[in-house]
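**Q** predicted model and sequence below, questions to follow.
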2 protein chains.
Amino acid sequence: MTSSPPPRADRCSCAGLRKATRHLTQHYDQHLAPTGLNIGQYSLLANLARRSPIAPGAFAALMAMDRTTMGRNLQPLEREGLVAVAVDPADRRSRLVSLTAAGQARLDVARPLWAAAQTAFEDRFGAAQAATLRGLLATLIATDLATAH
Amino acid sequence: MTSSPPPRADRCSCAGLRKATRHLTQHYDQHLAPTGLNIGQYSLLANLARRSPIAPGAFAALMAMDRTTMGRNLQPLEREGLVAVAVDPADRRSRLVSLTAAGQARLDVARPLWAAAQTAFEDRFGAAQAATLRGLLATLIATDLATAH
DNA sequence: TTGAATTGCGTGTATATACGCCTATTTTGC
DNA sequence: GCAAAATAGGCGTATATACACGCAATTCAA
């Protein structure tokens, strides 16, 4: 007897998502390269601009990112003086991450380059499809996938 | 005068994609953990199963992955004996990556755990939405985003 | 045929991601 | 009040990702 036909690898939602992320990240990173930021760093600064100051743990949850990943990702930004991390006086276990003036300035420089990347993407992929995709992704992010039942 | 309202960071297709990828990757990785593989490694083995042997460069292009990333990702799999890399006798610049018997065996063990992760995802996200998402992602991956005009 | 251009890969470096383990601080139960 | 539990975060380790650079083998052109 032969084994049943193996599930096609291209039906894996996760692999498709990861593959598409690699593809699109390279596009945005190329546009942002002159600013010295990648799309991950740009995204952190842009989100921080609307929520500064915020605790690293809360920021990580907001970005659907592991707590320790957030800590590592903040390090190069802190080293360059784009964000500042200080002990929270109200709870000295916690920290407060703030966008600095240099961080805001860098963000202002990067924003039009990000917009160019976004526009170029939508021109090629289709603005309507892009909007549909963003909607699906937002739903996915809001979907509880905890293994426990 | 005040500056114009900044574009919302949550309208960035790339950031949304990256965020969703983190979310979904953790789900699949948790299901696959007993196999000692993560979803990236599983995806490599599953794709290799249908195309072995293949040159690293061609494999990288197939996975929309940088050539050097592919090389690095193959290292732990090679160390565990799940894939084998040999010089291509027809062109000694090139290599041929093959799935080993141990790699096939590991894949057979992992497949039902991957299927459980996929099923759990579709149960919670919706199978129809998941299919729509995979279609959009496939289109995105096939979209040429080269910066040059 | 032989030097130049091309091609295929590996390495060094840097950031991204997350698990396990640890310390410090706060909160809770008694 | 004080000890236990819970919470916030750092660090070691491992893999993921990709750019710049360099080497070896092949192909191309004069």
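**A** Structure's in. What do you need?
**Q** what about the closest residue to A:Arg124 other than its chain neighbours, how many residues nearby?
**A** Spatial nearest neighbour of A:Arg124, excluding adjacent residues (CB to CB, 6 or more residues apart in numbering or on different chains): B:Thr143 at 5.4 Å. No exception for glycine: its C-beta is placed from N, CA and C like everyone else's. For B:Thr143, the neighbour count with other CB atoms under 10 Å in any protein chain shown is 16.
**Q** for B:Thr143, phi and psi?
**A** Main-chain torsions, B:Thr143, degrees, to the nearest 10: phi -80, psi 130.
**Q** how much space between it and B:Met65?
**A** 17 Å (CB to CB, to the nearest Å).
**Q** how about A:Leu62?
**A** Separation of A:Leu62 from B:Met65 (CB to CB): 28 Å.
**Q** helix or strand for the residue in chain A that DNA strand D sits nearest to, just tell me which one.
**A** Closest to DNA strand D within chain A is A:Gly57: 2.4 Å, counting by CB to the nearest atom of the strand. Per DSSP states H and E: A:Gly57 is located in helix A:56-62.
**Q** enumerate the residues of chain A near DNA strand C.
**A** A:38, A:40-41, A:65-66, A:68-69, A:72-73, A:76, A:79, A:91-93 (CB under 7 Å from any atom of the strand).
**Q** any chance of the residues you listed in a markdown table, plus pLDDT, neighbour count and secondary structure?
**A** Below are those laid out as a markdown table (pLDDT from 0 to 100; neighbours: other CB atoms under 10 Å in any protein chain shown; DSSP: H, G, I helix; E, B strand; the rest coil):
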| residue | pLDDT | neighbour count | secondary structure |
| --- | --- | --- | --- |
| A:Asn38 | 97 | 16 | coil |
| A:Gly40 | 98 | 19 | helix |
| A:Gln41 | 98 | 22 | helix |
| A:Met65 | 97 | 20 | coil |
| A:Asp66 | 97 | 13 | coil |
| A:Thr68 | 98 | 10 | helix |
| A:Thr69 | 98 | 13 | helix |
| A:Arg72 | 98 | 10 | helix |
| A:Asn73 | 98 | 19 | helix |
| A:Pro76 | 98 | 14 | helix |
| A:Arg79 | 97 | 9 | helix |
| A:Asp91 | 96 | 10 | coil |
| A:Arg92 | 96 | 8 | coil |
| A:Arg93 | 96 | 8 | coil |
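**Q** show me which of the residues you listed neighbour chain B.
**A** Restricting the residues of chain A next to DNA strand C to those touching chain B (CB under 8 Å from any CB of the partner chain) yields A:Gly40, A:Met65, A:Asp66.
**Q** got those residues as JSON lines, with distance to A:Thr132 columns?
**A** Output for those, formatted as JSON lines (distance: CB to CB, whole Å):
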{"residue": "A:Gly40", "distance to A:Thr132": "24"}
{"residue": "A:Met65", "distance to A:Thr132": "25"}
{"residue": "A:Asp66", "distance to A:Thr132": "29"}
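**Q** what separation do you get for the residue lying closest to A:Asp144 once chain neighbours are set aside and B:Ala115?
**A** Spatial nearest neighbour of A:Asp144, excluding adjacent residues (CB to CB, 6+ apart): B:Arg124 at 6.8 Å. According to CB to CB, B:Arg124 and B:Ala115 sit 15 Å apart.
**Q** in contact with A:Leu62, which residues are there?
**A** A:Asn47, A:Arg51, A:Ile54 (CB atoms under 8 Å, 6 or more residues apart in numbering or on different chains).
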